[in-house]
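K.L.:
Compute the structure for the input listed below.
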Amino acid sequence: NGDHRDLHLSIRRQRQMCIRDSPFSACVARPVDKNERLRTPAALDAITKEWTSLRDMGVWDESNVREWRDVANDAKNSGTRTHVGRIFDICVEKGSELADVDGKRHPGRKFKGRAVFQGNNVFDENHEVAMFQELSSCPATMEASKFADLIGLQPGYSCAQADAERAYIQSRIGGDPTWVRLPTEQWPDAWRKSGLRDPVCPLILALYGHPDAGGYWEQHCEKHLTAIGWRTVPDWRSCFWHPQYQAFLMVYVDDFKLSARSEDHAALWKAIRTTSVAGTVGLQMEDPTPPDKFLGCNHIITQRVLHNGVKVQSIELDESPFMNSCLELYSDLTGVDLDSIPVVKTPFLDEDVLRKKFGVGPGGFPDIVQPKRPPEQTVSSFTSAEAPSDGYPDPPGSDPSPVGEPQQLASGYLQPIAARLLMKILYGARFARPDLLRCVCGLARRITKWTVMQDHQLHRLMAYIKSSLHLRQVAWVGDDLSNIQLRLYLSLIHI
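P.N.:
Okay, the predicted model is just below:
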């Protein structure tokens, strides 16, 4: 096929793909390793700022430092339970998918430092794995975000968003007492001078990473919101309705999205940030802004005139920066030059033609319906005939099946990275690119039975994404909600 003639992977590069640290890449923030952090002043500043801020907020109590051995012995003697864990820092770059502007770094790209609790490495006083309450935390869903857009688009309404500042540590940690170890480079001078060997101090606030931190923050947030008039939506966690203001609020961890009458926004946001009559502490929030980038998708509010002359508010969901990052990931993993990818009109190839070409029968096995005509022996265009023999094992492929069982087709060369690419694309497809869903989900079904045929189908999908970066999901509301009905249509074709 001419579309794939220039596509190939060296044997060495395939081995590199197989040993990647993580098979998935669905997160928007890009991890920054320590080497990059040390040579990037902005990243170092972000880490320093984080540690200073947590200390100022009193997340842990450094004045009550003790040797862990003494703490554990006290717990054993008193018959109580206590936990110990460690705190470490990480650095990420948010908005890394945003391209530079006029040769300068995009203002939306920012380094962010986080000091977190290592929740998978916590022990009790007997050095046994710690057991937690496992408080359930359930952030709002993408559908809740779309529903907030619906409310905000009706006549007289608008939508706004805001972030809670350091959400988790606005709540106190509960359960069994937890003590923490700090990195040696973060030890106060007093600790060093006292000759402590294994110093620990008590954790006060629900620091990120603690298994129950999300649950304590959700309880804290919900308690305050219900105290100021919001009511939880039954069977829809982290979503709230205000009967007095006829307003809707969704909370996705620390991201708040509120839809209400335009004149009511100021009062609603002020109440969220103010201590209630019941005494619940107001939430520390950034100033609300009009819809912009929310959950990784650009929200663009416009005005449009319908065919009947009615002027309405419209929203465009633009996933082009995110989808462009998917293309860059594909290029990085495969070595394919994005400029060489052709323009196509659909994400699909003719499966009947592909099955005949690659000899694929039912269930992913070789076609044995017509044994007198053996399947065509097609070599994947993703292999490299010029790859040197450097002692690496044979390219990935299935071993011969036991006697009496159907022979499996050889695995495609993109199988090691297929899940990583498809899961990343699926996030954007679910949010604002429904035209990609059928193709992505169809390929995802073949992850464990990936063949050369799927190599070509995945490349076709990437070609379509490149050809359709301009597409946006558009919606508007021209009626009051009292005149709108919710209807659900199912089609077996799309199941």
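
K.L.:
what's the closest non-adjacent residue to residue 167?
P.N.:
In this structure, residue 167 finds its nearest non-sequential neighbour in residue 254, 3.6 Å apart by Cβ to Cβ, 6 or more residues apart in numbering. (Each C-beta comes from the backbone N, C-alpha and C, glycine too.)

K.L.:
Contacts only, for the one you found.
P.N.:
Applying Cβ atoms under 8 Å, 6 or more residues apart in numbering, one finds that residue 254 lies in contact with 163-168.

K.L.:
Pull up the per-residue confidence for it.
P.N.:
For residue 254, the model assigns a pLDDT of 91.

K.L.:
among the contacts of residue 254, who's most crowded?
P.N.:
Scoring the contacts of residue 254 on neighbours with other Cβ atoms under 10 Å, the highest-scoring entry is residue 168 at 26 neighbours.

K.L.:
What count of nearby residues applies to residue 287?
P.N.:
When neighbours are counted by other Cβ under 10 Å, residue 287 comes out with 9.

K.L.:
and it, what is it in contact with?
P.N.:
For residue 287, the contact set (Cβ under 8 Å, 6+ apart) comprises residue 162.

K.L.:
Tell me the secondary structure of it, please.
P.N.:
Classification of residue 287 by DSSP: H, G, I helix; E, B strand; the rest coil places it in coil.

K.L.:
all strands for the stretch 251-400 of the chain, in order.
P.N.:
For the stretch 251-400 of the chain, strands defined by DSSP state E, counting those that start in this stretch occupy the ranges 255-261, 293-294, 297-305, 311-318.

K.L.:
buried residues in the third one?
P.N.:
Within strand 297-305, the residues that count as buried by 16 or more other Cβ atoms under 10 Å are 297-299, 301.

K.L.:
can you check stretch 176-186 too?
P.N.:
If you call a residue buried by 16+ other Cβ under 10 Å, then stretch 176-186 has these buried ones: 176, 178-182.

K.L.:
Could you please name the strands the top strand by length along the chain pairs with and the direction of each pair?
P.N.:
Once the chain is assigned using DSSP state E, the strand that runs over the most residues is strand 83-94. Strand 83-94 sits in its sheet next to strand 30-31 (antiparallel), strand 110-117 (antiparallel), strand 123-124 (antiparallel), strand 178-181 (parallel), going by DSSP bridges.

K.L.:
Just the CA coordinates for that strand, please, in CSV.
P.N.:
Presented in CSV, the C-alpha positions along strand 83-94 are these (Å, rounded to 0.1, in the frame of the first residue of the first chain):
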residue,chain,number,x,y,z
HIS,A,83,1.3,4.6,60.7
VAL,A,84,4.5,5.9,59.1
GLY,A,85,5.2,6.9,55.5
ARG,A,86,7.5,9.1,53.5
ILE,A,87,7.0,12.4,51.6
PHE,A,88,8.8,12.9,48.3
ASP,A,89,8.5,15.6,45.5
ILE,A,90,7.6,15.4,41.9
CYS,A,91,7.6,18.0,39.1
VAL,A,92,5.4,18.1,36.0
GLU,A,93,4.8,20.5,33.1
LYS,A,94,1.2,21.5,32.6
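
K.L.:
Show the residue spans covered by the helices in the stretch 201-350 of the chain.
P.N.:
213-227, 265-273, 320-334 (DSSP state H, counting those that start in this stretch).

K.L.:
And for the stretch 51-200 of the chain?
P.N.:
68-78, 142-153, 189-193.

K.L.:
Can you tell me which of these is most buried?
P.N.:
helix 142-153 (a mean of 20; mean count of other Cβ atoms under 10 Å).

K.L.:
ok, so what distance separates residue 226 from residue 235?
P.N.:
Separation of residue 226 from residue 235 (Cβ to Cβ, to the nearest Å): 16 Å.

K.L.:
As CSV, the helices of the stretch 201-350 of the chain with mean pLDDT, distance to residue 48 and mean neighbour count would be great.
P.N.:
CSV is the format used below for the helices of the stretch 201-350 of the chain (pLDDT from 0 to 100; distance: least, Cβ to Cβ, whole Å; neighbours: other Cβ atoms under 10 Å):
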stretch, mean pLDDT, distance to residue 48, mean neighbour count
helix 213-227, 93, 23, 20
helix 265-273, 96, 28, 17
helix 320-334, 93, 28, 19
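
K.L.:
Export those helices to JSON lines and append columns for distance to residue 35.
P.N.:
Formatted as JSON lines, the helices of the stretch 201-350 of the chain follow (distance: least, Cβ to Cβ, whole Å):
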{"stretch": "helix 213-227", "distance to residue 35": "29"}
{"stretch": "helix 265-273", "distance to residue 35": "40"}
{"stretch": "helix 320-334", "distance to residue 35": "18"}
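
K.L.:
now for those, which one comes closest to residue 189?
P.N.:
Closest to residue 189 of those, according to Cβ to Cβ: helix 213-227, at 29.2 Å.

K.L.:
Specify the beta-bridge partners of the closest residue to residue 156 other than its chain neighbours.
P.N.:
Closest residue to residue 156 apart from its sequence neighbours, by Cβ to Cβ, 6+ apart: residue 261 at 5.6 Å. Beta-bridge pairing for residue 261 (DSSP bridges): residue 157.

K.L.:
How about residue 317?
P.N.:
When assigned by DSSP bridges, residue 317 has beta-bridge partners residue 299, residue 473.

K.L.:
hang on, isn't it packed against residue 471?
P.N.:
No: look at residue 317 against residue 471 with Cβ atoms under 8 Å: they stay out of range, at 10.1 Å.

K.L.:
Show only the entries of the contacts of residue 254 found in strands.
P.N.:
Those of these lying in strands (DSSP E): residue 163.

K.L.:
With respect to pLDDT, which of the contacts of residue 254 ranks lowest?
P.N.:
residue 166 (88).
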